[in-house]
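[1] quick one, structure for this:
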Amino acid sequence: MLQAINLTKNYNNQTALNNLNLTIQKGEVFCLLGQNGAGKTTTINLFLGFTTPTTGQALVNGIAVENDSEAARKHLAYIPEVVMLYPNLSSIENLDFFSRLAGFKYTTQQLEGFLEKVGLQKDAFEKRMGGHSKGMRQKVGIAIALAKNADVLLMDEPTSGLDPKATAEFTELVKNLGKEGKAILMATHDIFNAVEVGTTIGIMRRGELVHQMPTSNLMATDLQKLYLETI
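    As a prediction, this is how the structure comes out:
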């Protein structure tokens with residue numbers, strides 16, 4: 001679903017991403033670790049078509065993003081660190097609005113079904129987004145991704161600032177999405193959460209993917225040691 005082929009991005013003679021080769025399949029939750037400036041967000045932006053590669057290709061379901069970003073984006077949903085929704089609209093109104101933008105029209109019952117699936121409490125459906133916690137906004141963001149029927153979810157530090165309960169709820173939600181066949185790329189600083197939610201871990205340093213490993217039988221303490229040695 002996601003593939004980077006010799007993907008490189010330079011900014012003003014500075015290399016942000018260097019010759020990245022990466023493949024993420026359906027059902028895979030790939031957690032990308034690395035310090036600020038390691039290339040995590042650049043990788044996500046290249047898949048989103050927010051920037052163009054210097055060399056190489058970013059492919060979404062076989063579609064080269066640089067050649068047809070609109071077609072590629074139909075398969076994508078993006079969950080940033082801070083989900084930007086309309087604060088004066090309710091959860092269900094935001095979901096309805098962004099679903100329609102993507103070409104989908106749902107009944108109220110169907111919209112409520114998406115919100116229920118992501119674990120948003122029912123009494124928040126009709127409340128304005130401006131009063132929601134970050135965890136609640138993240139859930140609405142994922143509901144929008146589900147309503148858009150996105151095959152691939154790109155997440156950039158989605159658990160940053162969440163309390164332990166909200167992080168646990170978000171982790172369980174992402175794991176279930178992976179089990180349903182979604183391909184997920186998550187950039188994160190949270191080593192312990194990465195082991196819990198991910199099926200694969202990648203560690204980036206100075207624009208390069210220097211380690212890649214499955215999380216099966218991987219202990220968080222071992223990953224932490226490797227990460228600290230790497231950076």
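[2] counting contacts, what elements does the helix or strand where Leu154 lies pack onto?
    Taking DSSP states H and E as the criterion, Leu154 maps to strand 152-156. Here strand 152-156 touches helix 40-48, strand 76-79, strand 183-187, going by 3 or more CB pairs under 8 Å, 6 or more residues apart in numbering; DSSP states H and E. Any C-beta I mention is one placed from the backbone N, CA and C, and that applies to glycine too.
[3] can you map out the strands along this protein?
    Secondary structure of the chain, counting by DSSP state E: strands at 2-11, 14-24, 29-33, 55-60, 63-64, 76-79, 152-156, 183-187, 200-205, 208-214.
[4] tell me which of those strands lies nearest to Gly141.
    Proximity to Gly141, assessed across those by CB to CB, is greatest for strand 76-79 (4.9 Å).
[5] which other helices and strands contact the closest one?
    Looks like strand 76-79 contacts helix 40-48, helix 134-147, strand 152-156 (3+ CB pairs under 8 Å, 6+ apart).
[6] who does that strand pair with, and is each partner parallel or antiparallel?
    In the sheet, strand 76-79 lines up against strand 152-156 (parallel) (DSSP bridges).
[7] got the angle between the partner strand and strand 2-11?
    40 degrees (axes from the mean of the first three to the mean of the last three CA atoms, to 10 degrees).
[8] now do strand 152-156: distance to the chain's middle.
    2 Å (CA atoms, centre = their mean, to the nearest Å).
[9] circling back to that earlier point, using CSV, write down the CA coordinates of the strand holding Leu154.
    Output in CSV follows, covering the C-alpha atoms of strand 152-156 (Å, rounded to 0.1, in the frame of the first residue of the first chain):
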residue,chain,number,x,y,z
VAL,A,152,-3.8,4.0,4.3
LEU,A,153,-3.5,6.1,7.4
LEU,A,154,-0.5,8.4,7.9
MET,A,155,0.0,9.6,11.5
ASP,A,156,2.4,12.2,12.7
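[10] just the buried residues of it, please?
    152-156 (16 or more other CB atoms under 10 Å).
[11] between those, which is nearest Leu218?
    For those, the nearest to Leu218 is Met155 (19.9 Å; CB to CB).
[12] show me what the closest one is bridged to.
    Beta-bridge partners, per DSSP bridges, of Met155: Ile79, Met186.
[13] just checking, it touches Leu185?
    Yes. Between Met155 and Leu185 a contact is recorded at 7.0 Å, counting by CB atoms under 8 Å.
[14] returning to that earlier point: can you redo the strands of the chain as a markdown table with distance to Val118 and mean pLDDT?
    Shown next, in a markdown table, are the strands of the chain (distance: least, CB to CB, whole Å; pLDDT from 0 to 100):
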| stretch | distance to Val118 | mean pLDDT |
| --- | --- | --- |
| strand 2-11 | 22 | 96 |
| strand 14-24 | 22 | 96 |
| strand 29-33 | 16 | 97 |
| strand 55-60 | 23 | 97 |
| strand 63-64 | 27 | 96 |
| strand 76-79 | 11 | 92 |
| strand 152-156 | 12 | 94 |
| strand 183-187 | 14 | 96 |
| strand 200-205 | 23 | 96 |
| strand 208-214 | 27 | 96 |
